[in-house]
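# how would this look folded up:
(chains A and B)
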Number of protein chains: 2
Amino acid sequence: MSDRILNAELKNKVVSAEEAAQHVNNGDNVGMSGFTGAGYPKALPTAIGEKAKAAHAAGEDFKINVFTGASTADDADGVLAEAEAINFRSPYNSDRGLRNQFNSGEAFYSDVHLSHLGQQVQQGFFGDMQVAILECTKINEDGTIVPSSAVGNNVEFAAAADKIILEVNSWQSLDLEGMHDVYVPELLWDRTPIQINRIGDRIGNTFHTIDLDKVVAVVETDRPDRNTPFKEPDEISKQIAANFLQFLEDEVAAGRLTYDNYIMQSGVGNVPNAVMAGLLDSKFENITAYTEVIQDGMLDLIDAGKMTMASATSFSLSPEAAERMNAKADFYRKHIILRPQAISNHPEVIRRVGLIASNGLIEADIYGNVNSTNVTGVKVMNGIGGSGDFTRNAYISSFVTPSVAKGGDISAIVPFASHIDHTEHDAMVFVTEYGYADLRGLAPRQRAERMISIAHPDYRPLLEEYVEAAKKVGGHTPHDLTQAFEFHNRFNSTGSMKK
Amino acid sequence: MSDRILNAELKNKVVSAEEAAQHVNNGDNVGMSGFTGAGYPKALPTAIGEKAKAAHAAGEDFKINVFTGASTADDADGVLAEAEAINFRSPYNSDRGLRNQFNSGEAFYSDVHLSHLGQQVQQGFFGDMQVAILECTKINEDGTIVPSSAVGNNVEFAAAADKIILEVNSWQSLDLEGMHDVYVPELLWDRTPIQINRIGDRIGNTFHTIDLDKVVAVVETDRPDRNTPFKEPDEISKQIAANFLQFLEDEVAAGRLTYDNYIMQSGVGNVPNAVMAGLLDSKFENITAYTEVIQDGMLDLIDAGKMTMASATSFSLSPEAAERMNAKADFYRKHIILRPQAISNHPEVIRRVGLIASNGLIEADIYGNVNSTNVTGVKVMNGIGGSGDFTRNAYISSFVTPSVAKGGDISAIVPFASHIDHTEHDAMVFVTEYGYADLRGLAPRQRAERMISIAHPDYRPLLEEYVEAAKKVGGHTPHDLTQAFEFHNRFNSTGSMKK
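Numbering: from 1, shown residues only, chains lettered A, B, ... in the order given. I've put the predicted structure just below:
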């Protein structure tokens, strides 16, 4: 047995995943750890999937409702979707098979802000929670838990659930201990301020205290997180990043930012990687990150002394970066904090610290409304994730995107966004490889000009044509609703938004 | 001279409104006090309007950019619009003449969340602010200011502006003194928590400290706020209110609310009036309000001992209620606090206290996206106001609306909202005279059923027809974009959304 289970009571509860899965029943609300493919349970989902398959083979119903921090991986959402074991899912998913089930109406998905779900579960918006399945790095002698590579909604799920199943994963580095800051806010109607003033402030414990009486099973695992190899940014990503950095420079020149007050929030992907690489050679110093996910580029910035502190709720590192992190854990522990996602994404703290948010999108319209979730308005991709938490409360919100997708057949700038996740009231700055559009202080008619200026040249005449038609209808926000979705309708019928 | 100007230095600066208006120049950014027709300057706008007319008559340019708390009145926005003296306006307007200028493109309007504007002005998102014009009740001997019937963005405007003009309005009751709680947060990057834990917590001063060296003129006035007589709720409003109260009762039954933990945020109008009247006879006790505006119904609840504390940034009382308030100011002062709008609408406090938001709308779509601002997507009505501040951060957000407008020709529930100010991620509960639709925990396909159930019976078959067409296209959020705006297009061509 693993030497990572130091509590005698819980040692006695070690069982196989199959045995543990007997505690999960048809119709249960099940909360799982895990965020961006890190820290999710690695054994129970497969065992639950097997149980579902057996039930289905016997002609019995077996589906559960799954709540997590954010995305998991093939061996969690993937196996459950494959077993048709999921009825309802929240708050975020990136599994392809499960996504297909949402889009066909076979499974139900509620796309919830990542900072909101924990409270909503605790307050019973989804009914009672029967089981919480939490991965951890280690169980301490006193029964407190060292979380693994994500904290997610562990605090709320453990508090809400009737039963807790722990997965102790010996693949997770013991060096994670000390990086977490597990803060438990007071319950509703008795809350007090979250006393984080600076990104590096610690306000909780390095461990998670749970009700040991709720623990019905402990399972041992030794399996890796979903590892995504680092992808070198392509030329377009580098140009978008350069334009984003120019925007930051222009903010400094305008007196709205200083070189040592850049607080970063960043989505994951090619463009953020390029931005972080660009920051290495920039004039910005003492950069901090108040964000969801620790990425490779942040380690580079920490190594270079450019970034002093990064706060998040999970890791999303390449295998190489994870190795580097573990090798220098003592050093990184001074610069990295992992918090519950209710805190990493909390409107209170985001608003207070004054960060600059930067997220990707599917499309934006000429007035600055953003679709982050539904392709052509109907097919959900992943979900809003934390983009709403950060966009809505940032000092400055920005969106970064290539101007086209699908080899040019989809324009990222359209007349009317076919689904809206962020409104004109919240989205301030848009960046493509053609420059940036700063919409602050502008009326809709003025915004359209800026947005078209960063669209792909192939689409600018079509967008201008639309604006002319819309102005004939007139109004504060000119639109011709008879052709507002022409880009999308053309794409649906011809495969291209081009005429 | 009024005995309300107790500071000797400022007494020496008393001039006429015409003289004071000489400090306002073409192209200036001008910040004014005022929120929902209360506490706005009553003399300077007319004087500036006259100055603009004279300039225009002489063939000279004269337009200014006007920033306020929220709406003002005929003798502020109205006279400036009539003089064509406004180039740009933010964050909220309800003046008809000015609205027409936005809709024709003659003037520019940026529709900003009420909690955001102050910071954005201070951080220079709109350039420098040349002048702040602030109404006050009294100037104390030490030069501190007692605000009048609204606090609005006074703190931020006074801090940002080069010059300050004060209007001392002797119409405002001296009994207002002591009701204000003027809190000045630290500037960006040095902020700390806003230490409001309970609705009645006071964290600032009853007066506003300004830089006396900036004061270039003091003007005396004696004119009333925009007074709106109380309108008795009609039968439909009463039914909507009854359904809203049923929703609250059901929340208690479900264990998500208790009878003494209802924290109210409420828009202004017929339905809120009916809700407050209904609460008088309800089981709810110790009600508090963390909201923007103190309304007649709140005084009734305070009188009845049902409401213990109401926090807002302005008054919007009928003449009768204002008289009542002044007659019993000593009593009401224990139950009412007026805060800067950055605090009354602050995401941090709203999220912490756990309130139930309730706002009106123009239309909502079958998936729960809300249009609060633009009629048929193009013509702006007033603006988003504080509805985004509260909806986004509430414990539970709700929208209340009659199911139809314009004698039945407009449905409040449509296939696709023609403008979106609040997204499916934020809007939880909708209430019409036909019941309430609780969308929490539901996927879009499930939401549509609930929304249609509270639509007007005349529109239910049309909405169901759309859903069937949309399901043929499929997807997580089924839509047929070739007919998503058919309700609006029909209304535009026939004058009715009905077939």
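
# Strands of the stretch 1-150 of chain A, start to end?
For the stretch 1-150 of chain A, the strands defined by DSSP state E, counting those that start in this stretch cover A:29-32, A:64-67, A:86-90, A:108-109, A:129-139, A:145-147.

# These: which one's closest to chain B?
Between chain B and those, the tightest spacing by C-beta to the nearest C-beta is seen for strand A:108-109, at 3.7 Å. Using the backbone N, CA and C atoms, a C-beta is placed for each residue, glycine as well.

# Spell out whether that closest one and chain B are in contact.
Yes. Strand A:108-109 lies within reach of chain B by C-beta under 8 Å from any C-beta of the partner chain, at A:108-109.

# One more: stretch A:366-374?
Yes. Judged by C-beta under 8 Å from any C-beta, stretch A:366-374 comes into contact with chain B at A:369, A:374.

# Give me the neighbour count for residue A:174.
Residue A:174 is flanked by 13 other residues according to other C-beta atoms under 10 Å in any protein chain shown.

# got the strands of the stretch 1-150 of chain A as TSV, with mean pLDDT columns?
As requested, the strands of the stretch 1-150 of chain A are exported to TSV (pLDDT from 0 to 100):
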stretch	mean pLDDT
strand A:29-32	98
strand A:64-67	98
strand A:86-90	98
strand A:108-109	98
strand A:129-139	98
strand A:145-147	98
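
# Now tabulate the ones you listed in TSV and tack on distance to residue A:277.
Supplementary listing: the strands of the stretch 1-150 of chain A in TSV, determined by distance: least, C-beta to C-beta, whole Å:
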stretch	distance to residue A:277
strand A:29-32	34
strand A:64-67	36
strand A:86-90	34
strand A:108-109	35
strand A:129-139	30
strand A:145-147	30
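
# Any stretches of chain A with poor pLDDT?
Low-confidence segments of chain A (pLDDT under 70): A:1.

# Spell out which parts of the stretch 101-250 of chain A neighbour chain B.
Within the stretch 101-250 of chain A, the positions adjacent to chain B are A:102-105, A:108-113, A:119-120, A:123-127, A:188-189, A:191-195, A:197 by C-beta under 8 Å from any C-beta.

# 6 Å instead?
A:102-103, A:105, A:108-110, A:113, A:123-126, A:188-189, A:191-193, A:197 (C-beta under 6 Å from any C-beta of the partner chain).

# quick revisit: and the strands of the stretch 1-150 of chain A as TSV, adding mean neighbour count?
Shown next, in TSV, are these (neighbours: other C-beta atoms under 10 Å in any protein chain shown):
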stretch	mean neighbour count
strand A:29-32	28
strand A:64-67	25
strand A:86-90	24
strand A:108-109	22
strand A:129-139	26
strand A:145-147	26
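
# Which residue ranges of the stretch 151-300 of chain A form strands?
Under DSSP E, counting those that start in this stretch, the stretch 151-300 of chain A gives strands at A:161-169, A:215-221, A:263-264, A:287-290, A:293-295.

# Between these, which one is closest to residue A:387.
Of all these, strand A:293-295 sits nearest to residue A:387, with 12.3 Å by C-beta to C-beta.

# Return the list of helices and strands in contact with that closest one.
The contact analysis (3 or more C-beta pairs under 6 Å, 6 or more residues apart in numbering or on different chains; DSSP states H and E) places strand A:293-295 against strand A:307-312, strand A:314-316.

# Residue A:487 is in contact with residue A:497, isn't it?
Yes. Residue A:487 lies in contact with residue A:497 (C-beta atoms under 6 Å); the separation is 4.4 Å.

# ok, the two, which is more surrounded?
When residue A:487 and residue A:497 are compared for neighbours, residue A:487 comes out ahead with 28 against 25, by other C-beta under 10 Å.

# Please report the distance of the more buried one from chain B.
Distance, residue A:487 to chain B, using C-beta to the nearest C-beta, to the nearest Å: 10 Å.

# what sits against that residue?
A:414, A:497 (C-beta atoms under 6 Å, 6 or more residues apart in numbering or on different chains).

# For it, identify the helix or strand it belongs to.
helix A:486-494 (DSSP states H and E).

# Check the offset of that helix from the chain's centre.
30 Å (C-alpha atoms, centre = their mean, to the nearest Å).

# tally of neighbours for whatever residue of the stretch 251-400 of chain A ends up closest to chain B?
Taking C-beta to the nearest C-beta as the measure, the stretch 251-400 of chain A has residue A:378 as its residue closest to chain B, at 2.8 Å. Around residue A:378 there are 22 other residues, counting by other C-beta under 10 Å.

# which ones are touching the nearest residue to it once chain neighbours are set aside?
Nearest non-adjacent residue to residue A:378, counting by C-beta to C-beta, 6 or more residues apart in numbering or on different chains: residue B:475, 2.8 Å away. Residue B:475 is in contact with A:103, A:378-379, counting by C-beta under 6 Å, 6+ apart.

# Select the longest helix from chain A.
Criterion DSSP state H: the longest helix present in chain A is helix A:235-253.

# okay but residue A:151 is in contact with residue A:337, surely?
No. Using C-beta under 6 Å as the test, residue A:151 is too far from residue A:337 to be in contact (9.9 Å).

# the more surrounded of these two?
The residue with more neighbours, out of residue A:151 and residue A:337, is residue A:151; 32 against 28, by other C-beta under 10 Å.

# From chain B, how far off is the more buried one?
19 Å.

# and that residue, what does it touch?
Residues in contact with residue A:151 (C-beta under 6 Å, 6+ apart) are A:313, A:338, A:340.

# how about 7 Å then?
Contacts for residue A:151 (C-beta atoms under 7 Å, 6 or more residues apart in numbering or on different chains) come out as A:180, A:182, A:313, A:338-341.

# neighbour-wise, which of those residues leads?
Compared across the contacts of residue A:151, residue A:313 has the highest neighbour count, 33 neighbours, by other C-beta under 10 Å.

# List the contacts of that residue.
Residues near residue A:313 by C-beta under 7 Å, 6+ apart: A:35, A:69, A:150-152, A:292, A:338-341, A:344.

# Stretch A:257-270 and chain B, are they touching?
Yes. For stretch A:257-270, a contact with chain B is found by C-beta under 7 Å from any C-beta of the partner chain, at residue A:261.

# Show me what counts as buried in that stretch.
Buried residues in stretch A:257-270, defined by neighbour count with 16 or more other C-beta atoms under 10 Å in any protein chain shown: A:257, A:261-268, A:270.

# What lies in contact with the helix or strand encompassing residue A:351?
Using DSSP H and E, residue A:351 falls within helix A:347-353. Here helix A:347-353 makes contact (C-beta under 7 Å, 6+ apart) with A:115, A:194, A:196, A:199, A:263, A:290, A:343, A:389-390, A:392-394, B:191, B:347-348, B:351-352, B:393.

# could you flag which of these are buried?
A:115, A:194, A:196, A:199, A:263, A:290, A:343, A:389-390, A:392-394, B:347-348, B:351-352, B:393.

# so what's residue A:326 up against?
By C-beta under 7 Å, 6+ apart, the contact set of residue A:326 is A:173, A:175.

# and it, that one's in a helix?
Yes. Under DSSP: H, G, I helix; E, B strand; the rest coil, residue A:326 falls within a helix.

# which bits of the stretch 351-499 of chain A sit near chain B?
A:351-352, A:354, A:369, A:374, A:377-380, A:384, A:388, A:392-393, A:395, A:418-421, A:423, A:425, A:440-443, A:445-446, A:473-479, A:481-482, A:484-485, A:488-489.

# Try it again at 6 Å.
Residues of the stretch 351-499 of chain A lying close to chain B (C-beta under 6 Å from any C-beta) are A:351-352, A:354, A:374, A:377-380, A:384, A:388, A:392-393, A:420-421, A:423, A:425, A:440-441, A:443, A:445, A:475-477, A:479, A:481-482, A:485, A:488-489.

# Would you mind measuring from the nearest residue to residue A:317 once chain neighbours are set aside to residue B:372?
Spatially, and ignoring its direct neighbours in sequence, residue A:317 is nearest to residue A:296 (5.9 Å; C-beta to C-beta, 6+ apart). Residue A:296 is 41 Å from residue B:372, where distance means C-beta to C-beta, to the nearest Å.
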